[in-house]
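J.: Quick one: sequence plus predicted model below, questions after.
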Amino acid sequence: MEFVTLNNGLKMPQLGFGVWQVEDDQATAAVTAALEAGYRSIDTAMIYKNEKGVGKALKESGIPREDLFITTKVWNSDQGYDNTLRAFDESLERLGLDYVDLYLIHWPTPQFDQYIDTYKALEKLYNDGRVKAIGVCNFEIEHLERLLAECDVPPVLNQVECHPYLAQTELKSYCAEHNIFVEAWSPLDQGGEALQDETIKKIAEAHGKTTAQVILRWHLQNNSIVIPKSVTPSRIEENFDVFGFELTDDEMEQIHNLDRNRRKGAHPNEMNVR
Ligand SMILES: NC(=O)C1=CN([C@@H]2O[C@H](COP(=O)(O)OP(=O)(O)OC[C@H]3O[C@@H](n4cnc5c(N)ncnc54)[C@H](OP(=O)(O)O)[C@@H]3O)[C@@H](O)[C@H]2O)C=CC1
Ligand SMILES: O=C1CO[C@H](CO)[C@@H](O)[C@@H]1O
């Protein structure tokens, strides 16, 4: 397991486990399998409706709380200062925890113009010691610029869609310059075409690895944090087994050249669902 050090000094596993589209009653088994495989970082959100199932697995695991790294997120309909504080309490209650390691704004939804107020609530939670770190998801450079200008605690990371077909080069450079990690969501292209890509297949064959493992390696070597999801125990293990090999600079470049700016999810400026 490898850790990164966030801009507030907190250590975070570079590889975590995502649980979007895992039903609450499936989440306990999936998270248990992930913890058994060695994952210690779990990425959930209020909108995934599985915080209870995740919390149950954490409790049943018996793993000391300080060895876990738990992320959850405030949903669009809960944005605003007071709403965020309430939503946080509700998430904590469902998770059965008394703090989370990382609390994130799920989308900027710039058309509602609430993300600064929402972030100020995150700063309060951080200053009160109820979260160990705060950050954002799906922020474009313009949203980050405003946040950095108007807020006091810089976000530790920006969780955005990123995979070989959406490399996010410009955003990654901006984040690196500002000491903000990029955390890749849908890192495996949601199990889609990137896993069948001929270039990636050739690289995988050369290393005796799967295409999923090669893609995860590409993220790690890009210095991104990565949170693949699976409910399949063999894949949960496969996705964790990515620390024993290294891609060459040429292989990294070949994968980088597959970028086609193709999103699976919404563009942040077009996400206006509440
Ligand atoms: N902040 C945000 O807005 C967002 C955050 N996220 C977070 O990012 C996490 C990961 O993204 P997600 O969208 O789930 O997509 P991923 O890129 O992690 O892909 C998940 C899909 O890939 C399949 N899969 C996983 N591992 C393998 C493998 N080794 N070989 C073949 N297929 C595989 C899974 O199938 P199966 O489960 O059947 O094994 C599943 O269908 C989410 O779970 C969530 O925590 C995601 C979207 C948006
Ligand atoms: O994390 C995510 C997955 O779930 C949401 C929808 O229900 C998405 O909007 C979001 O990006």
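T.: That came through, no problem. Ligands and ions are numbered 1, 2, ... in the order given.

J.: what residues are up against the residue lying closest to residue 235 once chain neighbours are set aside?
T.: The shortest distance from residue 235 to any residue that is not its chain neighbour, by Cβ to Cβ, 6 or more residues apart in numbering, is 7.2 Å, and that residue is residue 212. C-betas here are computed from N, CA, C, even on glycine. The contact partners of residue 212, by Cβ atoms under 8 Å, 6 or more residues apart in numbering, come to 188, 195, 228, 235, 238, 239.

J.: try 7 Å this time
T.: Neighbouring residues of residue 212 by Cβ atoms under 7 Å, 6 or more residues apart in numbering: 188, 195, 238, 239.

J.: Show me what from the stretch 51-200 of the chain comes close to ligand 1.
T.: 106, 137, 138, 159, 185, 186, 187, 188, 189, 190, 191, 195 (Cβ under 6 Å from any ligand atom).

J.: sec struct for the residue of the chain found nearest ligand 2, please.
T.: With Cβ to the nearest ligand atom as the measure, residue 20 is the residue of the chain nearest to ligand 2, at 4.5 Å. Secondary structure for residue 20, judged by DSSP: H, G, I helix; E, B strand; the rest coil, is coil.

J.: Quickly note the distance from the closest residue to ligand 1 within the stretch 151-274 of the chain to residue 26.
T.: The minimum distance from the stretch 151-274 of the chain to ligand 1, using Cβ to the nearest ligand atom, falls at residue 191 (2.7 Å). Taking Cβ to Cβ, to the nearest Å as the criterion, residue 191 is separated from residue 26 by 16 Å.

J.: go on, residue 8?
T.: The gap separating residue 8 from residue 26 is 33 Å, by Cβ to Cβ.

J.: Residues touching stretch 144-158, excluding its own?
T.: With Cβ under 7 Å, 6+ apart, stretch 144-158 has contacts from 6-8, 116, 119-120, 123, 126, 133-137, 139, 174-175, 178, 180-183, 225.

J.: And the buried ones among these, selectable in ChimeraX?
T.: Isolation of the buried members of those (16 or more other Cβ atoms under 10 Å) is achieved in ChimeraX through the command below:
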select :6,7,119,120,126,133,134,135,136,137,139,174,175,180,181,182,183,225
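
J.: Tell me which stretches of the stretch 1-150 of the chain form strands.
T.: Here the stretch 1-150 of the chain has its strands, by DSSP state E, counting those that start in this stretch, at 3-5, 11-13, 17-18, 41-43, 69-74, 100-105, 131-137.

J.: Pipe those into TSV and attach distance to residue 167 per row.
T.: Output for the strands of the stretch 1-150 of the chain, formatted as TSV (distance: least, Cβ to Cβ, whole Å):
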stretch	distance to residue 167
strand 3-5	19
strand 11-13	22
strand 17-18	19
strand 41-43	21
strand 69-74	23
strand 100-105	22
strand 131-137	18
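
J.: ok, back up a step: not counting its neighbours along the chain, what's nearest the residue of the chain closest to ligand 2?
T.: Counting by Cβ to Cβ, 6+ apart, the residue nearest residue 20 is residue 48, at 5.3 Å.

J.: tell me how far the helix or strand where residue 199 lies is from the chain's mean position?
T.: Assigning secondary structure by DSSP states H and E places residue 199 in helix 198-207. Relative to its chain's centre, helix 198-207 lies at 26 Å (Cα atoms, centre = their mean, to the nearest Å).

J.: what's the angle from the next helix or strand after that helix to helix 198-207?
T.: Heading C-terminal from helix 198-207, the first helix or strand you meet, by DSSP H and E, is helix 211-221. Regarding helix 211-221 and helix 198-207, their directions subtend 90 degrees when assessed with axes from the mean of the first three to the mean of the last three Cα atoms, to 10 degrees.
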